[in-house]
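S.K.: Here is a sequence with its predicted model. Questions after.
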Amino acid sequence: MNSTNQSLKPLTLKINKNSNLEIGGCDLIELAEKYGTPLYVLDEHTIRSICKDYKDAFKAYPKVNMMYASKALCTMAVTSIIASEGFGFDVVSAGEIYTVYKSGVNMSKVLFNGNNKSVDELSLAIKLGVGRISVDNFFELSLLNEIAKSQNKTVDILLRITPGIECHTHEYIQTGHLDSKFGFDLTQIDEAVELILNNYTNLKLHGLHAHIGSQIFETSIYGDEIEILVKEIARLNKKFDLQLDELNIGGGIGVKYTEDDCPPSVYDVAEIIINKLNECIEKYKIEAPVLFIEPGRSIISTSGVTLYTIGSSKQVPKGKKYIAVDGGMSDNIRPSMYQAEYVAELANKPQEELKEKVVVAGRFCESGDILIKNIEFPEIEEGDILCVYNTGAYNYSMASNYNRVEKPAMVLVNNSQSDIIINRETLDDLISHDEIPDRLHL
Ligand SMILES: Cc1ncc(COP(=O)(O)O)c(C=O)c1O
């Protein structure tokens, strides 16, 4: 069965009676006029649809905790929608903890990850009652135990391990291979467990955690990961007389950024995971563990598009034609950072014949600020509105103020209604943290 992450465009996208693109019943040209550009647009129906896919796909396993990896996109409206679908949250910073807390999420359904959590962040997590902390290294074990002791609390933890699996994705988004900055090496786990049992009495270990990478298309890799995790859990239970019963396999399921991308169906991935898990439960003779999964990109990417206004264009003599938009690498760093590819259309001319091949350039002062290297459009005029697909994940969450440009607004669309969920930054926002020492005043 197909799942929503396999769609390149939001599920409600269509061409409307004005011959414009619309999403969630909202005309994209009207949205651009009302809220300005660049503008992130999120389709609520698409978000809820993928959440439903995950829930249906994993129904066959009785103990699953779905944790949305909020690093993909963390705003209070988004966390509210996803919490209302019954998901918990994977968070990696005080900012993400605070966002989910302020949006009313039950903090026992939150899991705190990260390879260098600060004292303040760990203290906040414990104070707000975060459900699990995935401990990444020896330094953090000791630090967390100290903080837990000082707050007179016992903290429920998982151990993040590096399973030694290489997945075929971009080097920067691979995390499970052996030489990685994340997690304990398999050869270090026994020492970590001994420390927890003998020295760190304010920590309670529940299980193991791994995350093998992002934008994964190769489903069998989850089977390999489960085998390693279950085997380790069985071994540790036996060796240390424990009852570890939690297994967190991370996130990583891919999405369709271009027509050539073939991400797996969540239903197929779930089948592989559940079959392998059941097989390993038998093989290694353990009680069925609670399964945590942490999808980020596949939950939110497809629901998002970014609207830009086309401004200047330039035909290089005997070369390429460049069209420039009013955003770029500060609202979407992925093309410059990962050579990520995107598909786009003119929202005001979706049916016109394709006529010109162009490069879509951003407005920032870097020659690498190119959003799309090669794409065909109808005849382009200044003022056309460009709609770039699949920008829901790791776009706003990685946005910067490079060139001192304000971050765009974000609107949520559903049933012909549009609501601002992030206000556009203003020039005053940009200088709001600046100070001028007295001696420098002009
Ligand atoms: C520990 C962990 N879990 C989950 C995720 C989410 O991955 P994705 O957005 O590819 O699903 C990440 C992404 O980096 C991660 O580091």
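M.R.: All right, it came through fine.

S.K.: Please tell me how far I221 sits from P163.
M.R.: 10 Å (Cβ to Cβ, to the nearest Å). Any C-beta I mention is one placed from the backbone N, CA and C, and that applies to glycine too.

S.K.: Look at these two and report which has more neighbours.
M.R.: When I221 and P163 are compared on other Cβ atoms under 10 Å, the one with more neighbours turns out to be P163, at 26 against 22.

S.K.: Would you agree the more buried one is in contact with H211?
M.R.: No - here P163 does not reach H211: they are 9.3 Å apart, not a contact under Cβ atoms under 8 Å.

S.K.: Touching both of I221 and P163, which residues are there?
M.R.: Overlap between the contact sets of I221 and P163, as judged by Cβ atoms under 8 Å, 6 or more residues apart in numbering, is given by I212.

S.K.: what's the spacing between stretch 120-137 and its chain's center?
M.R.: Remark: stretch 120-137 is offset 20 Å from the chain centroid, using Cα atoms, centre = their mean, to the nearest Å.

S.K.: That stretch and the ligand, any residue contact?
M.R.: No - against the ligand, stretch 120-137 shows no contacts by Cβ under 6 Å from any ligand atom, the least distance being 7.3 Å.

S.K.: avg pLDDT for that stretch?
M.R.: In this model, stretch 120-137 has an average pLDDT of 97.

S.K.: Start the count at 53 instead of 1 going forward.
M.R.: Sure, I'll start numbering at 53, so the last one becomes stretch 172-189.

S.K.: buried set for it?
M.R.: Within stretch 172-189, the residues that count as buried by 16 or more other Cβ atoms under 10 Å are 173-178, 182-189.

S.K.: which residue is nearest the middle of this structure?
M.R.: A124 (2.1 Å; Cα atoms, centre = their mean).

S.K.: Wait, that one touches R349, no?
M.R.: Yes - shown here, A124 and R349 form a contact pair, counting by Cβ under 8 Å, at 5.3 Å.

S.K.: Quote the end-to-end distance of stretch 169-186.
M.R.: As for stretch 169-186, its first-to-last residue distance stands at 10 Å under the measure Cα to Cα, to the nearest Å.

S.K.: Quick one: residues in contact with it.
M.R.: Defining contact as Cβ under 8 Å, 6+ apart, one finds that stretch 169-186 is touched by 140, 143, 145-146, 149-150, 153, 159-166, 188, 192, 195-196, 199-200, 203, 205, 207-212, 258, 261, 298, 300.

S.K.: Quickly list what's touching both of A124 and R349.
M.R.: A shared contact of A124 and R349, defined by Cβ under 8 Å, 6+ apart, is any residue touching both; here these are 445-446.
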